[in-house]
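A.B. asks: Below are the sequence and a predicted model for it; my questions follow.
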Amino acid sequence: MPTWKRAFFSITLCAIVVAAGIPVCAASGVVGDIDVIIDAPYPQWAKGDASGDATVDSIGCKKEAAAPDGSIWAASPAGIIVSSPDGSTRTITGKQGLPYEDITCVDFGPDGVFWAGTARGVVRFDGNGWRYFAGRRWLPGDNVSALSASPDGRSVIVNTDGGLGRIEQREMTLEHKALLFSDIMQARHNRDGFITDSPLRIPGDPNSFFLTDDDNDGQWTEMYLAAECFRYSATGDPEALANARRSLEAMLLLLTVSPDEFGGLPARSVLPPDRCPGSDPHNWHFLPDKSLCWKNDTSVDEVVGHAFGLPIYFDLCADENEKARIASAFARMMDHIIDNGYRIVGVDGKTTSDGHFEPEWVNRGPGPLGDQGLNSAEILNALISAHHVTGDEKYLERYKNLVKQHNYHRNVREWKSICDRNQINYDSYEMGYLSFYNLLRYEKNEKLWSDFYLEGLRRSHVELLPNRNPEQIIIFGAFARKEYGLDAAVQTLRELPLDLVKHSIFNSVRADINVSSKPDRFRSAQMTSVLPYEEARTIRWSENMLALDADDGGRSEAMAQFFLLPYWMARHHGMIVPQSD
């Protein structure tokens, strides 16, 4: 099984073409025992600044344009009419991949790339595939009345019903993108160490952000904390360590803030008294001295987060004092769960809304209807991680008991098929993958490791790989090592937009997509396959990336854990290598 320590290696992925004397570098390959991709510069799509570029009057609206092969491409309300030099004609519609068919303007750039304005955005064709840019992520308005490709072919200026807009390519690396996102997280998403989404007072304007609590403060922040620890491991950057430490303090507060009378109950969230209650007014409690306000009704989600992030911090970032504090806080949470019969019990003495790990619920109650395998993985990971950070054998004995007496390991192997019995839930998938990571790191029994845990992860990986979720791919790749889909993960990381605002996206108007016969768990329409991620909703991996529409209205800016965690984890494991290395 893989070791935890990051492998440092010296590699050369360049060969010299002797005749020309030109170094040619491979973009990917296998180094040692792991697949590797070099983080080379790539063209990142972005919404540019149109001010000063042109005026409305200077941008034309061509109804037809000449292609490099001499054919004429003409706008029409029902697609693009192509007239070939031999006199033949054909119409490009959604069946040929055209995203939107009501074409208003057309243009070819000097590089031969085709651009078209439509009544709902801009389309682009580079000879290999189509791209669609619509909504406020890309344009001030959707109805395009004029369009002009730039001389260098890397951008387009458009006039819309909302004013002038510019869509451009910017050359950057994934590391550059990650550092931009890290700066945004600290500037607009850091609430005393807690990292969550930020609401916007003015829709679409990230500078109008304000900070508030989130029911999953623990899970989201632990994912960010882990990302910064992976960054620190990969780069040694003291800023990454400082960011992780701020979030560590917030996580330790969640685990220790509840009064002892509640037996170590972890909190969902914490606020200063003048801001209590939070965004959801229920389940808030003041400390006896009124110094803080904490939220009850903690779910398994929070346990998943703490059992993921804290062991990673313990191994990669912690000094001896921090290790002792992590061990104490982690033990407090786990003792609460164990002492209450593998349940999370709230201030009313009852199991919280989603606080079940006990065999009676997992194996003989509601568990077999959906969460049997997932909750088994969650508690096994929490117990084996508790043993790792505390050194207390009682947690390992409890772990072994759930395996030997209650077959939790068998549940884990079937976790995804059990999850899917009732509904497709991407939130469950994310919690499952997070739970597998430390479970596979700390399990020493080869049969459990390979035949049950890695096999359970492999089965889900095979089914979910077409979605190109980098978080899932990188977690699986950390243990599979080869042929796990690294190229698909990097493709997604590159496609994810720089704009984190949750703009409304309406892909149901498109002509080029296939709608699934089965709606999602909220009874909403969904696609049969994922779009390029710059065309999809602003994603977090607990959400449905196949969703057609998202009427978010630009009312919040998303946290960037969806990018930062898989990218820095891949760097830590040596999967993505900086070009300078």
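C.D. replies: Right, received. Where do you want to start?
A.B. asks: use CA for all of it now, contacts and neighbours both
C.D. replies: Fine.
A.B. asks: Ser291 - how many residues pack around it?
C.D. replies: Ser291 sits with 11 neighbouring residues when counted by other Cα atoms under 10 Å.
A.B. asks: correct me, but it touches Leu271?
C.D. replies: No. In this structure, Ser291 is not within contact of Leu271 by Cα atoms under 8 Å, at 9.4 Å.
A.B. asks: tell me the domain ranges of the protein?
C.D. replies: The record's domain parsing of the chain by automatic domain parsing lists 45-169, 180-578.
A.B. asks: Quick one: end-to-end length of the shortest one, please.
C.D. replies: Using Cα to Cα, to the nearest Å, the span of domain 45-169 from its first residue to its last is 5 Å.
A.B. asks: From the chain's centroid, how far away is it?
C.D. replies: How far domain 45-169 lies from its chain's middle: 30 Å, per Cα atoms, centre = their mean, to the nearest Å.
A.B. asks: mean confidence for that domain?
C.D. replies: Taken as a whole, domain 45-169 has a mean pLDDT of 93.
A.B. asks: pretty sure Gly121 is touching Tyr132, no?
C.D. replies: Yes. Gly121 is within contact range of Tyr132, at 7.3 Å (criterion: Cα under 8 Å).
A.B. asks: neighbour count winner among those two?
C.D. replies: More neighbours surround Gly121 than the other of Gly121 and Tyr132, with 26 against 22 (other Cα under 10 Å).
A.B. asks: In the sheet, which residues pair with that one? Tell me.
C.D. replies: Thr118 (DSSP bridges).
A.B. asks: ok, now how distant is it from Glu397?
C.D. replies: Distance from Gly121 to Glu397, by Cα to Cα: 60 Å.
A.B. asks: where along the stretch 451-581 of the chain do the helices fall?
C.D. replies: 455-464, 470-480, 486-495, 561-572 (DSSP state H, counting those that start in this stretch).
A.B. asks: where exactly do the helices run in the stretch 51-200 of the chain?
C.D. replies: Going by DSSP H, counting those that start in this stretch, the stretch 51-200 of the chain shows helices at 174-188.
A.B. asks: Verify the stated contact: Phe436 with Glu455.
C.D. replies: No. The criterion here is Cα under 8 Å, and Phe436 misses it with Glu455 at 10.9 Å.
A.B. asks: Neighbour count for these two, which is higher?
C.D. replies: Taking neighbours as other Cα under 10 Å, Phe436 and Glu455 compare with Phe436 leading, 23 against 16.
A.B. asks: any idea of the pLDDT on Ala20?
C.D. replies: Here the pLDDT value assigned to Ala20 is 30.
A.B. asks: swap in Gln423?
C.D. replies: We have a pLDDT of 87 for Gln423.
A.B. asks: What residues does it make contact with?
C.D. replies: Counting by Cα atoms under 8 Å, 6 or more residues apart in numbering, Gln423 makes contact with Gly370, Asp520, Arg521.
A.B. asks: Before we go further, it is sitting in a strand, right?
C.D. replies: No. Secondary structure of Gln423 (DSSP: H, G, I helix; E, B strand; the rest coil): coil, not part of a strand.
A.B. asks: any idea how far Leu180 is from it?
C.D. replies: Counting by Cα to Cα - Gln423 and Leu180 are separated by 36 Å.
A.B. asks: Ok, Asn340 next?
C.D. replies: 44 Å.
A.B. asks: what about the strands in the stretch 1-150 of the chain?
C.D. replies: Listed in chain order, the strands of the stretch 1-150 of the chain (DSSP state E, counting those that start in this stretch) span 14-17, 22-25, 28-31, 34-39, 42-48, 64-66, 72-76, 79-83, 89-92, 103-108, 114-118, 121-125, 130-133, 144-149.
A.B. asks: Looking at the ones you listed, which is nearest to Phe230?
C.D. replies: strand 34-39 (16.3 Å; Cα to Cα).
A.B. asks: quick one: Asp260 from Met333, how far?
C.D. replies: 12 Å.
A.B. asks: what ranges do the helices span in the stretch 301-450 of the chain?
C.D. replies: 320-339, 359-364, 372-390, 393-404, 408-413, 415-419, 426-442, 446-447.
A.B. asks: wait, which of the ones you listed is closest to Leu164?
C.D. replies: helix 426-442 (37.7 Å).
A.B. asks: Need the residues that contact that closest one.
C.D. replies: In contact with helix 426-442 (Cα under 8 Å, 6+ apart) are residues 2-4, 301, 304-305, 307-308, 311, 374, 377-378, 380-381, 384-385, 388, 416, 419, 449, 453-454, 457, 472, 475, 479, 541-544.
A.B. asks: swap in stretch 156-168?
C.D. replies: 45-51, 53-56, 59, 115, 117, 138-150, 154-155.
A.B. asks: Report the buried members of the residues you listed.
C.D. replies: In these, burial by neighbour count holds for 45-48, 50, 59, 115, 117, 138-150, 154-155, counting by 16 or more other Cα atoms under 10 Å.
A.B. asks: out of the helices of the stretch 301-450 of the chain, nearest to Val577?
C.D. replies: Here helix 426-442 is closest among the helices of the stretch 301-450 of the chain (Cα to Cα), at 21.1 Å.
A.B. asks: State the mean pLDDT of that closest one.
C.D. replies: Here the average pLDDT along helix 426-442 is 97.
A.B. asks: Buried by neighbour count: which residues of it qualify?
C.D. replies: 426, 428-442.
A.B. asks: Could you tell me the angle between that helix and helix 372-390?
C.D. replies: Angle between the axes of helix 426-442 and helix 372-390 is 40 degrees (criterion: axes from the mean of the first three to the mean of the last three Cα atoms, to 10 degrees).
A.B. asks: Please report how far the closest residue to Glu171 other than its chain neighbours lies from Leu147.
C.D. replies: Once flanking residues are discounted, Glu171 sits nearest to Pro43: 4.6 Å by Cα to Cα, 6 or more residues apart in numbering. Pro43 sits 21 Å away from Leu147, going by Cα to Cα.
A.B. asks: swap in Asp499?
C.D. replies: 22 Å.
A.B. asks: do the same with Phe479
C.D. replies: 49 Å.
A.B. asks: Ok, Tyr437 next?
C.D. replies: Taken as Cα to Cα, the span from Tyr437 to Leu147 is 48 Å.
A.B. asks: who wins for proximity to Ser516 among the helices of the stretch 301-450 of the chain?
C.D. replies: Ser516 lies closest to helix 426-442 among these, at 16.5 Å (Cα to Cα).
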